[in-house]
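# Sharing a sequence plus its predicted fold:
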Amino acid sequence: MASSSKVESDSEDEALDEEVEHFDDFTLASSWERFISEIEAVCRQWMSDGPKNLLEKGAVLLEFSKNLYKVKFELKYALKSYLMEYYFEKSNTDDGKVSDWNFNLHDLQLCFGVKDFLVIAPQSASGVVLDAPESSKLLSAVAIALSNCSSLLPAFVPVHDPSRKAYIGIQNRGTVFTRRFESDHIGSQVPVKLMHLEGLYELFVSKFAYSTLDISVHLFKVHFTMKLTYRTLSFDDDNDVQETDAEMTESGGNPASDIYSKAQWDDDCPWSEWYSAEDPVKGFEVIAIWSEKMVESSSEMAELENASPHEAEKWILFPIFSENLTDGSKGNQNGFASQLHFLVDALDMSFEAQFMEDFVSVENQGPDNLTTSMVIPPPTVIDRMLKELFHEVLRAGVQEPNFAKGEHKNSRAIKGAPLESLFAQFCLHSLWVGNCNIRAIAVLWIEFVREVRWCWEESQPLPKMPANGSIDLSTCLINQKLQMLAICIESKRELNEDYQDCIGSMDQASPHKKEDDPFGEDSDSSIMLTPGENFDGKRDSPSKPDDLHGSGTTVSKFSSEPEHMVLADPKPSDCIRRGSAGVVGSMMLLKSHQRMHAPFTQDAPLMTEDMHEERLRAVEALGDSFNFSAQLEKEILSTDMSAFKAANPDAIFEDFIRWHSPGDWEIDDTQEKRPIKRLAMEDSNNDWPPRGRLSRRMSEHGNLWRKIWNDAPALPASEQKPLLDPNREGEKILHYLETLRPHLLLEQMVCTAFRASADALNQTSYGGLKQMATKMEQLYLTMAPSLRPLQANRLSSGSEIIDDLRRLCGVLEHVEKLLTVAASLHRKFLQAPRLSEAIFSDYYIFFLPRMGTASVGDNAQMDFDKKQQVRIHERPVVSNMFTLPTANQSWRKVLSMGNLLNGHEPVLREIIFSIRDRVSDHYAAHVPSVYQQEIETYRMYTCGTSNDLRVALSVVSCD
């Protein structure tokens, strides 16, 4: 019995197992139901994760938004693949509402006023459902799945042709209400009625009013808000239009329109002398927003259509920038940076020849890799450039160049030539000759040196170079040589003029001139009649009597001499005083007790950097720093001593030391402690000569200074041999320029071209844009160390320094682009500087990652989308950018929309109509009012112009 019962039990279990294995779940019987179940599972997972976990799982931030993210999931149904996307905001609120005119909204958020939503669409080329039954079935599946999840998310399905941007959608609003969405687009032939606000208002009212009512005579309280977008005519297009108008005037149009020959936008910018830059600001969009208000009739809408945009509560300004600013391949091909790229390439090739003539000589074609693309410019181009550099300046007259104009405080850290100098102008001209190839530069340089030699041989002033002053050793060597040559030319010309004047006046000298001399015995009676002017143009002049107290010109070193000696009656000298510039305070000669006179002296000879280095090498080679450095200064010291002896015939060596080197005259300590007045009285009466002595180094046996003093003749500066021979130095400079090695020339050209380009850009007026000033300062600080290796003359072909220079060109290109933005904004907002500063600040932050100062990651913003709110007092400045259209402008159409801004209709009009009702989300008929809430029962969004119209409608219904 036990065994039979066991067998029966086993058979029952097998039957039960077989019954379970063949169980059919009729809720998932069809593929459509399994599709709904899969959607439901995905939605439940997204809802349970929440925004925080979805972000950790890889939700993607949309490019146009700062807070809207997206996750997606692929589904299959009936041999088709679908993509379901969930859009959600990170900071979610319970009301599920969004602001109407938020510029970061998704298209569906703006159309239907939703916040988080689902979109399901087929994975096809069009991405939309073209079949109406399929779209309804797909939307029903999503709605059922969301209802099973108790989710209130709206769901949308794209339908029709993609160009129509049409959607249908549904949203569960609780136990009672359902919200349905629908949108479509008319791309052409918009009904005239729907071009105006009155017709759009009646279209919205028709969605809920009885069809038998005359909408135009009944009142319906509707909430209304509007956003109008105006766009300025592109500044480039505006130029073209005005040029067309000017042409029409020439053919018999209105003479008053002759003024339409409009100049370029950057004609007053410093770079316009070299190239014309594209206006980086292509135009502006002005968005005028009317805040929500209640309208009750079509007539009110007609009045609103006639309202001025200045009546709008808010104006938003959006600048439209050129794509070339961020697209490196389409950058300014004519700017300084692009041409400097070619100059650096020429520097790299300059090591392949010994002389510049090798690059252009017919017998020697130079390096083998000189391609045919390196075209030598025609002679007319070279002549024009030389004329700009030399002859126009000569014809206009010589004017001292202002090297400090536009110079940045850090500019001198770059060893180049000043912007206004002759060599800097040559370098800038060379950037645009023959596309700045080495052969073109060689031709221009050879002709340039010929012109310089012509100026030297004809004693013509060297243009754009100062003919006086000291040599600026902070500049490049070529600029120093040219500056010295200009001084030599001036000295040579003055010597020639003096010589001619002396020859002409020698026969007309007055024989009784000496009788008319009012100065008596102490005056200089031996004024030279031959060319004797010293190097800086100072001439010797007759001495003044002692009671004039040095009314003549004195050397600056004497101005600080302490005057602690009393005046005494001068004793007549047996010798004639010559070359005196006046007395030196109250100083007296130790031997003769006469007043000391300061002589006219020659200036120290000018020296360029290589001459200083040569002198230093001589000092190092000779050893003893004091004795041999004094030996090198012997000529200068000897001329000063000769002039001092001529001006003070009774002077001794100690007198010269007291005048020339006061530090080497030591005064007795007891004398220093006495009061100055008492000292002066004692000195003038009983204590002469003053107590003092030479310093130890001056009193040593065999002192070089005393030896020079003993050998120096008494000659005024006018009779001395010049310390610097202008003829000899001028020929040496020309020999240097004519035999300069190509790589040494190109190294100095690169340094000068970078400095001159930056100085030219630095002259740009851009208002109070602090970021631009900081960027310019950083540019100089970047260029100085990058160009410093070129000053050491250790560069070789293919060096890494060449690559560094190419990278420096890239840095300059970015700064150049940013500067054009700053200049353009500053010019457009002269009367509203706050707007230019705010827009530039936003663009600077946007452009910074592209300037090599920050890494450009995946999150880098690709398009500039920052907008600025326009204040009330700034609106006239902005509206003036919308110039009144002329009758000949081809873009002007028959205006079909209202709300004109200076004759311009909006390029886009967006309106939101809505009706709100207080309803109860409950099945019961009688509920307390406390449970009622206000919801948007009808909402219609319209967007378009007179040529197209898009309408999106959402309706809440009671199921």
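Thanks, I have it.
# For the rest of this, base every contact and every neighbour count on C-alpha atoms.
Noted.
# Low-confidence regions, the stretch 351-500 of the chain specifically.
362-373, 392-402, 405-406, 498-500 (pLDDT under 70).
# can you pull out the strands in it?
Counting by DSSP state E, counting those that start in this stretch, the stretch 351-500 of the chain has no strands to list.
# Helix or strand: which one has S914?
Secondary structure from DSSP states H and E places S914 in strand 908-920.
# what's in contact with that strand?
Residues from elsewhere that reach strand 908-920 (Cα atoms under 8 Å, 6 or more residues apart in numbering): 201, 204, 221-230, 927, 929, 931-945.
# Narrow those residues to just the buried residues.
Taking 16 or more other Cα atoms under 10 Å as the criterion, what is buried in the contacts of strand 908-920 is 201, 204, 222-230, 937-945.
# Name the residue closest to the centre of this protein, please.
L819 (2.4 Å; Cα atoms, centre = their mean).
# that older thread, tell me the mean pLDDT over the strand holding S914?
For strand 908-920, mean pLDDT rounds to 87.
# How far off centre is that strand?
Relative to its parent chain, strand 908-920 has a centroid offset of 48 Å by Cα atoms, centre = their mean, to the nearest Å.
# ok, residues contacting the next helix or strand after that strand?
As assigned by DSSP H and E, the chain's next helix or strand after strand 908-920 is strand 932-944. The set of residues external to strand 932-944 that reach it, using Cα under 8 Å, 6+ apart, is 110-112, 204, 908-921, 949-957.
# Within the sheet, what are the partner strands of strand 932-944, with directions?
Here strand 932-944 is paired, per DSSP bridges, with strand 908-920 (antiparallel), strand 949-958 (antiparallel).
# Restrict the first one to CA atoms and write it as CSV.
Put plainly, it is strand 908-920. C-alpha atoms of strand 908-920 as CSV (Å, rounded to 0.1, in the frame of the first residue of the first chain):
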residue,chain,number,x,y,z
LEU,A,908,10.7,85.6,-36.4
ARG,A,909,7.5,86.0,-34.4
GLU,A,910,6.7,83.7,-31.5
ILE,A,911,3.4,83.9,-29.6
ILE,A,912,1.9,81.8,-26.8
PHE,A,913,-1.9,81.9,-26.2
SER,A,914,-3.3,80.1,-23.2
ILE,A,915,-6.4,79.6,-21.1
ARG,A,916,-6.3,78.5,-17.5
ASP,A,917,-9.2,77.0,-15.5
ARG,A,918,-9.6,75.8,-12.0
VAL,A,919,-10.5,72.1,-12.0
SER,A,920,-10.6,69.3,-9.5
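# So for that strand, what gets flagged as buried?
Quick answer for strand 908-920 (16+ other Cα under 10 Å): L908, R909, E910, I911, I912, F913, S914, I915, S920.
# quick one, helices of the stretch 701-850 of the chain?
For the stretch 701-850 of the chain, applying DSSP state H, counting those that start in this stretch gives helices covering 704-711, 726-738, 742-762, 770-791, 800-828, 833-847.
# want to throw these into JSON lines with distance to R453 and mean pLDDT?
Formatted as JSON lines, the helices of the stretch 701-850 of the chain follow (distance: least, Cα to Cα, whole Å; pLDDT from 0 to 100):
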{"stretch": "helix 704-711", "distance to R453": "39", "mean pLDDT": "89"}
{"stretch": "helix 726-738", "distance to R453": "7", "mean pLDDT": "94"}
{"stretch": "helix 742-762", "distance to R453": "17", "mean pLDDT": "95"}
{"stretch": "helix 770-791", "distance to R453": "26", "mean pLDDT": "92"}
{"stretch": "helix 800-828", "distance to R453": "33", "mean pLDDT": "93"}
{"stretch": "helix 833-847", "distance to R453": "48", "mean pLDDT": "94"}
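# Tell me which of those helices lies nearest to F177.
With respect to F177, and counting by Cα to Cα, the nearest of those is helix 833-847 at 45.2 Å.
# What residues of that closest one count as buried?
Of the residues in helix 833-847, 833-841, 843-844, 846-847 count as buried by neighbour count, 16+ other Cα under 10 Å.
# Let's test this: mean pLDDT of stretch 303-310, rounded?
Summarised as a single mean, pLDDT over stretch 303-310 is 92.
# Span of it from start to end?
For stretch 303-310, the first-to-last residue distance is 15 Å (Cα to Cα, to the nearest Å).
# Show residues contacting that stretch.
Contacting residues not belonging to stretch 303-310 are listed as H196, L197, A288, R875, M897, G898, N899, L900, L901 [Cα under 8 Å, 6+ apart].
# need the contact list for Q45.
With contact set as Cα under 8 Å, 6+ apart, Q45 has no partners.
# where does H185 land in three-state SS?
Secondary structure, DSSP: H, G, I helix; E, B strand; the rest coil: H185 is strand.
# one step back: I'd like the buried residues of strand 908-920 laid out as TSV, including distance to A78.
Output for these, formatted as TSV (distance: Cα to Cα, whole Å):
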residue	distance to A78
L908	42
R909	42
E910	40
I911	40
I912	39
F913	40
S914	40
I915	41
S920	41
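# Out of those, which comes closest to H408?
H408 has its nearest neighbour among the buried residues of strand 908-920 in L908, at 46.5 Å by Cα to Cα.
# the helices in the stretch 351-500 of the chain, which residues?
Assigned by DSSP H, counting those that start in this stretch, the helices in the stretch 351-500 of the chain fall at 379-386, 392-396, 422-430, 438-457, 477-505.
# Now render these as CSV, adding distance to N306 and mean neighbour count.
As requested, the helices of the stretch 351-500 of the chain are exported to CSV (distance: least, Cα to Cα, whole Å; neighbours: other Cα atoms under 10 Å):
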stretch, distance to N306, mean neighbour count
helix 379-386, 59, 14
helix 392-396, 60, 12
helix 422-430, 56, 23
helix 438-457, 64, 20
helix 477-505, 68, 20
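# and R615, which of these is closest to it?
When the helices of the stretch 351-500 of the chain are compared for distance to R615 using Cα to Cα, the nearest one is helix 477-505, at 16.1 Å.
# which neighbours does the helix or strand following the closest one have in its sheet, and in what orientation?
For helix 477-505, the succeeding helix or strand toward the C-terminus, using DSSP H and E, is strand 580-588. Sheet partners assigned to strand 580-588 using DSSP bridges are listed as strand 595-599 (antiparallel).
# after the strand it pairs with comes which helix or strand?
Sequence-wise, the next helix or strand downstream of strand 595-599 (DSSP H and E) is helix 609-622.
# Please pull out the lowest mean pLDDT helix or strand from this protein.
Sorting the helices and strands of the chain by mean pLDDT, DSSP states H and E puts helix 676-685 at the bottom, at a mean of 41.
# For the helix or strand following that helix, which strands pair with it and how are they oriented?
Once helix 676-685 ends, the next helix or strand along the chain (criterion: DSSP H and E) is strand 692-694. Sheet pairing of strand 692-694 (DSSP bridges) gives strand 665-667 (antiparallel).
# Would you indicate which residues of the strand it pairs with are buried?
Result for strand 665-667 [16+ other Cα under 10 Å]: buried residues W665.
# what sits up against it?
The contact list for strand 665-667 (Cα under 8 Å, 6+ apart) reads E654, I657, R658, R691, G692, R693, L694, S695.
# just how off-centre is the helix or strand where the second one lies within its chain?
Secondary structure assignment for I657, by DSSP H and E: helix 653-660. The chain centre lies 57 Å from the centre of helix 653-660; the measure is Cα atoms, centre = their mean.
# what do you get for stretch 270-280?
Here stretch 270-280 is found 12 Å from its chain centre; the criterion is Cα atoms, centre = their mean.
# That one: end-to-end distance?
For stretch 270-280, the end-to-end distance is 16 Å (Cα to Cα).
# need the buried residues of helix 833-847 in TSV with distance to R34, can you?
Formatted as TSV, these follow (distance: Cα to Cα, whole Å):
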residue	distance to R34
P833	63
R834	61
L835	58
S836	59
E837	59
A838	56
I839	54
F840	56
S841	55
Y843	52
Y844	54
F846	48
F847	51
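# Tell me the one of the residues you listed nearest I802?
Taking Cα to Cα as the measure, F847 is the one of those closest to I802, at 26.5 Å.
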